[in-house]
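*Asks:* Structural data only, the sequence is not supplied:
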């Protein structure tokens, strides 16, 4: 029988605020021994901005605590064993109403169809507007957490775990490549004729390299193995756009976008790929200007549930990819 719980889960010492978790800080070796206030200002410069509340006052008020809920003093030295938790002071953020359709819901999982151009988790300027925070608030599920990644620009199936003790088991499925995935995308370019694909789909096997700090991933012999199967679903009448079904057999960063651009079939609305040439003066590269959202959606996730043992299969189809016929 599958194990219901995968590991001990320690609950954070500070409750959520508006669906948002407290920040957790674990000291690096070079930070050990330094005053906690100094370390936090270095890591989070916004704590010392003119718009922020006085940091000393926040320490005095007990807003910075360790994993046991004990307050930190601003000049106390950090250690590897004693963590820091605190809530961010968020800039005003307009949260417009947006529907996030529910695909599946039970005691273990919530599966939704995330809209395009919505961050999955709090990041940058998208905190309260992220799918995770919206869903926690809307469904009253403070411990909800995604078990896989879905880029902000990509729409479609997002699977979230409701029980923290089970989350690791689901995440390991993705880490081990035991999840069947399928995407659909509108691309521009000349897709191979059906006659040339009679023996099967177009197989793209090109290694992908993603360097830390570089926004773009690249086809590179020194990269990690990457494999995508591509099938044509239909062509758009009167244009060079084609709707494709995409099966990634590996999970590299931006894999579908990189592979399709590499074979001359960039996804409609892709501001990153094909990667633009560096500026001749500065050497910098800039995002492409696009007039419509990225036309890429996750439409299927299937796996054997490690908690219940059930065969899970979640499917959803975007109306932008529906046939006009």
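*Replies:* Arrived safely. In this text, all values refer to a predicted model and were calculated from it rather than measured experimentally. Numbering: from 1, shown residues only.
*Asks:* Would you state the strands of this structure in chain order?
*Replies:* 23-25, 84-86, 102-105, 109-114, 145-146, 155-161, 180-188, 202-205, 208-209, 218-219, 227-235, 241-248, 296-304, 311-315 (DSSP state E).
*Asks:* most tightly surrounded among these?
*Replies:* Greatest average neighbour count among these goes to strand 155-161 (a mean of 24), per mean count of other CB atoms under 10 Å. C-beta here means a position set from N, CA and C on the backbone, and glycine is covered the same way.
*Asks:* one step back: with mean pLDDT and distance to residue 68 added, can I get the strands of the chain in TSV?
*Replies:* Formatted as TSV, the strands of the chain follow (pLDDT from 0 to 100; distance: least, CB to CB, whole Å):
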stretch	mean pLDDT	distance to residue 68
strand 23-25	94	13
strand 84-86	96	10
strand 102-105	98	35
strand 109-114	98	31
strand 145-146	96	23
strand 155-161	98	26
strand 180-188	97	40
strand 202-205	95	51
strand 208-209	97	43
strand 218-219	95	46
strand 227-235	94	47
strand 241-248	95	43
strand 296-304	98	37
strand 311-315	98	37
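*Asks:* residue ranges with poor pLDDT in the stretch 51-200 of the chain?
*Replies:* 91-93, 124-126, 193-199 (pLDDT under 70).
*Asks:* Do a quick rundown of the helices in it.
*Replies:* Secondary structure of the stretch 51-200 of the chain (DSSP state H, counting those that start in this stretch): helices at 55-60, 131-139, 164-175.
*Asks:* Could you chop this protein up by domain?
*Replies:* Domain ranges of the chain: 23-86, 102-176+298-321, 181-294, per automatic domain parsing.
*Asks:* Any chance of CSV for these, columns distance to residue 13?
*Replies:* Shown next, in CSV, are the domains of the chain (distance: least, CB to CB, whole Å):
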stretch, distance to residue 13
domain 23-86, 4
domain 102-176+298-321, 14
domain 181-294, 31
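*Asks:* sorry, back to before: distance to residue 37 added to the strands of the chain, as TSV?
*Replies:* Shown next, in TSV, are those (distance: least, CB to CB, whole Å):
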stretch	distance to residue 37
strand 23-25	12
strand 84-86	10
strand 102-105	43
strand 109-114	38
strand 145-146	30
strand 155-161	35
strand 180-188	45
strand 202-205	51
strand 208-209	40
strand 218-219	41
strand 227-235	48
strand 241-248	45
strand 296-304	43
strand 311-315	46
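*Asks:* out of those strands, which comes closest to residue 285?
*Replies:* Closest to residue 285 of the strands of the chain is strand 218-219 (CB to CB; 11.4 Å).
*Asks:* Distance check, residue 86 against residue 56.
*Replies:* 14 Å (CB to CB, to the nearest Å).
*Asks:* which residues are in contact with both of these two?
*Replies:* Taking CB atoms under 8 Å, 6 or more residues apart in numbering as the contact rule, residue 86 and residue 56 have no neighbour in common.
*Asks:* Show the end-to-end separation of stretch 213-227, please.
*Replies:* 24 Å (CA to CA, to the nearest Å).
*Asks:* Stretch 40-52 now?
*Replies:* 13 Å.
*Asks:* mind listing what's buried in that stretch?
*Replies:* 40, 44, 47 (16 or more other CB atoms under 10 Å).
*Asks:* So what's the gap between it and the chain middle?
*Replies:* Relative to the centre of its chain, stretch 40-52 is centred 26 Å away, using CA atoms, centre = their mean, to the nearest Å.
*Asks:* do stretch 76-96 as well
*Replies:* 21 Å.
*Asks:* what residues does that stretch touch?
*Replies:* 12-14, 17, 20, 22-27, 29, 31-36, 39-40, 44, 46, 51-53, 58, 63-67, 72, 125, 127-129, 134.
*Asks:* What's the PyMOL syntax to select whichever of these are buried?
*Replies:* In PyMOL, a selection of the buried entries from the contacts of stretch 76-96 looks like this (16+ other CB under 10 Å):
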select buried, resi 14+20+22+23+25+27+31+35+36+39+40+44+58+63+64+65+66+67+72+127+128+129+134
